[in-house]
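Peer 1: Take this sequence and fold it.
(2 chains)
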Amino acid sequence: MPAALEIDRVSHSFGAVEALKDVSLTVPGSGFTALLGVNGAGKTTLFSLITRLYNNSSGVIRVAGYDLRRQPAQALARLGVVFQSRAMDADLTVRQNLAYHASLHGIPRRQAAGRIGEMLAQVGLEGKAGDRVSSLSGGQQRRAEIARALIHQPDILLLDEATVGLDVKSRAEVLELTRDLIARNGVSVLWATHLMDEIQPGDDLVILHRGEVLRRGTATEIAGQRGLTQAFLDLTGVAA
Amino acid sequence: MSDIAFPPRAWFTAFLGIARRETLRFVNQRGRFLAALVRPLVWLFIFAAGFRAVLGLSITEPYQTYVLYEVYVTPGLCAMIQLFNGMQSSLSMVYDRETGAMRTLLVSPFPRWFLLGAKLIAGVVVSVIQVYTFLAIAWFWDVRPPISGYLAVLPALILSGLMLGAMGLFLSSAIRQLENFAGVMNFVIFPMFFASSALYPLWRMRESSTILHDICAFNPFTHAVELIRFALYMQVNWLSLGVVLGCLAGFFGAAVFMYDPAKGLWARRKGRA
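Peer 2: Purely as a prediction, here's the structure:
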């Protein structure tokens, strides 16, 4: 199976501040890859480059084999994204938000209607389609965003700190839902987080710190005998 | 993007989706429609009535005879509706950027010129509906251009709406925060409106100041007003048409440039998308 996402020697600066330095990583065609880093590590900048909100001027980003710079339409069509900050129109209903997103991928209305029902059922929001987004809880909004990100059947789903601001129960539900979607839809997931308890031993793990990839491997390999938290602290030099 | 593989139907679907969202937002904000209508009506019913006696107008093109001041200001008020609508769109773009909703639009695989263009056209449709509602009310206030003028003004309204909307798009790319929007009111909307032929003919302006006259003649909003004024009376002001088309191309080109991740200010901006 080809890689869902390949990032090869990508750097990015904001003026004199180097936010990403020669970042390389690969996300396989299916499964859960965690991008672990403290706040300010460069996770959101990397996501902004992958989603073409920023232009990648150095290095190569390929989504499902498509070069983001040369074939942006094909690459973006295969990406589903849940941003760190909520990005749904609060005044519209869940169905209207999802239909809007489907249209932005050129999906005809009738086909979109079917997929909306299907996706909302998958995320457990089938009874909320007609509700305004503003009336949903934080966890429900996140689940609606995940449904929206999957409406165009992407190869890879990017989630940027998707559990930030959620209570413990909602956090667990969103994480469980995401892992469930991998099993059910075969989608590949890149999960950016700063919370180590969201990572399971078998997950692929990339540790990003101060714009650099410090380690890549499975969580078990990286944790070794020390445990993941200690390994992370040792690698990054961040005080416990 | 040079590699679009979408069939024509997909482009149409995307356009309809953007237009539908704009319409839904508009319907959800009924106060916005009312405000857009009340503003020019206040000018027509109160301001124009008050100034009717003060401001004498000799015969001015395209009018064939002396006209009431209310008749003179109506095209300017039509353009004012479109100016405010363009700025409202700009405001909603900045709001979308602050709330993160803008990202949904920008990560679409369709090219940004198309996404921005679709948003622009959807906004113009709304503003044209507002203008026709205003003209219908003004008819009862003795502002009665020829019936065919109501049809002839449509292309002029579309072009002026597109130009002012494109200006709003361009401004939205340059405004960093919602709070800065008050500055747009003070430095863009008011000067554009008052330094134009919306409220007084340019020859009147020349009588008081040549420099001010030249500024008004240079103002793209003046040409939007004149394009509408002439079209309402079944004529074409070619200079205004040229200026409006040129400004439309310029503002829209600048907006697309600014929203391009590789070129515009966004390329150098952190944490805003």
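
Peer 1: show me the contacts for the residue of chain B found nearest chain A.
Peer 2: Closest residue of chain B to chain A, C-beta to the nearest C-beta: residue B:17 (2.2 Å). All C-beta spots, glycine's among them, are computed from the backbone N, C-alpha and C. By C-beta atoms under 8 Å, 6 or more residues apart in numbering or on different chains, the residues touching residue B:17 are A:99-100, A:102-104.

Peer 1: Redo those as a markdown table? Include neighbour count.
Peer 2: What follows is those, written out as a markdown table (neighbours: other C-beta atoms under 10 Å in any protein chain shown):
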| residue | neighbour count |
| --- | --- |
| A:99 | 25 |
| A:100 | 22 |
| A:102 | 24 |
| A:103 | 26 |
| A:104 | 25 |
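
Peer 1: which one of the residues you listed sits closest to residue A:232?
Peer 2: Minimum distance to residue A:232 across the contacts of residue B:17 is 37.3 Å, recorded for residue A:104 (C-beta to C-beta).

Peer 1: name the helices or strands packed onto the longest helix anywhere in chain A?
Peer 2: In chain A, with assignment by DSSP state H, the single longest helix is helix A:168-185. Counting by 3 or more C-beta pairs under 8 Å, 6 or more residues apart in numbering or on different chains; DSSP states H and E, the packing neighbours recorded for helix A:168-185 are strand A:31-36, helix A:138-150, strand A:156-160, strand A:188-193.

Peer 1: For residue A:222, find the nearest of those.
Peer 2: Of all the helices and strands packed on helix A:168-185, strand A:31-36 sits nearest to residue A:222, with 9.1 Å by C-beta to C-beta.

Peer 1: I'd like the next helix or strand past that closest one.
Peer 2: Next in sequence after strand A:31-36, counting helices and strands by DSSP states H and E, comes helix A:43-50.

Peer 1: Give the next helix or strand downstream of that following helix.
Peer 2: Sequence-wise, the next helix or strand downstream of helix A:43-50 (DSSP H and E) is strand A:58-63.

Peer 1: With chain B as the reference, name the closest of the helices and strands packed on helix A:168-185.
Peer 2: Among the helices and strands packed on helix A:168-185, helix A:138-150 sits nearest to chain B (C-beta to the nearest C-beta), with 8.0 Å.

Peer 1: which residue sits closest to the residue in chain A positioned nearest to chain B in space, ignoring its chain neighbours?
Peer 2: Residue nearest to chain B within chain A: residue A:103 (2.2 Å; C-beta to the nearest C-beta). Leaving aside its sequence neighbours, residue A:103 sits nearest to residue B:17 (C-beta to C-beta, 6 or more residues apart in numbering or on different chains; 2.2 Å).

Peer 1: Which neighbouring elements make contact with the helix or strand harbouring residue A:102?
Peer 2: Assessed by DSSP H and E, residue A:102 sits inside helix A:94-103. Secondary-structure packing of helix A:94-103 (3+ C-beta pairs under 8 Å, 6+ apart): helix A:109-122, helix A:138-150, helix B:8-28.

Peer 1: Now that helix: average pLDDT?
Peer 2: Mean per-residue pLDDT for helix A:94-103: 95.

Peer 1: Return the angle between stretch directions for it and helix A:138-150.
Peer 2: 30 degrees (axes from the mean of the first three to the mean of the last three C-alpha atoms, to 10 degrees).

Peer 1: Excluding sequence neighbours, find me the nearest residue to residue A:42.
Peer 2: Closest to residue A:42 by C-beta to C-beta, 6+ apart is residue A:211, at 4.2 Å.

Peer 1: ok so, going back, output the contacts of residue B:17 as TSV; include the columns distance to residue B:163.
Peer 2: Shown next, in TSV, are those (distance: C-beta to C-beta, whole Å):
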residue	distance to residue B:163
A:99	31
A:100	27
A:102	31
A:103	26
A:104	26
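
Peer 1: residues near residue A:17, how many?
Peer 2: Residue A:17 is flanked by 9 other residues according to other C-beta atoms under 10 Å in any protein chain shown.

Peer 1: what's across from it in the sheet?
Peer 2: Note on residue A:17: beta-bridge partners by DSSP bridges are residue A:14.

Peer 1: so where's the stretch 151-273 of chain B uncertain?
Peer 2: Along the stretch 151-273 of chain B, the parts satisfying pLDDT under 70 run over B:176, B:178-181, B:262-273.

Peer 1: The same query, at a cut-off of 90, please.
Peer 2: Applying pLDDT under 90 to the stretch 151-273 of chain B flags residues B:168-169, B:171-190, B:198-209, B:258-273.

Peer 1: now the helices for it?
Peer 2: Shown for the stretch 151-273 of chain B, the helices assigned by DSSP state H, counting those that start in this stretch span residues B:181-184, B:190-194, B:202-208, B:210-218, B:220-232, B:238-259.

Peer 1: Same question for the stretch 1-150 of chain B.
Peer 2: Going by DSSP H, counting those that start in this stretch, the stretch 1-150 of chain B shows helices at B:8-28, B:30-42, B:48-51, B:69-99, B:101-106, B:112-139, B:147-174.

Peer 1: circling back: please report how far the residue of chain B closest to chain A lies from residue A:120.
Peer 2: Applying C-beta to C-beta, to the nearest Å, the value for residue B:17 to residue A:120 is 18 Å.

Peer 1: Just the pLDDT at the residue lying farthest from the centre of chain A, thanks.
Peer 2: The outermost residue of chain A, judged against the average C-alpha position, is residue A:225 (28.8 Å), by C-alpha atoms, centre = their mean. In the predicted model, residue A:225 carries a pLDDT score of 83.

Peer 1: any idea whether it is helix, strand or coil?
Peer 2: coil (DSSP: H, G, I helix; E, B strand; the rest coil).
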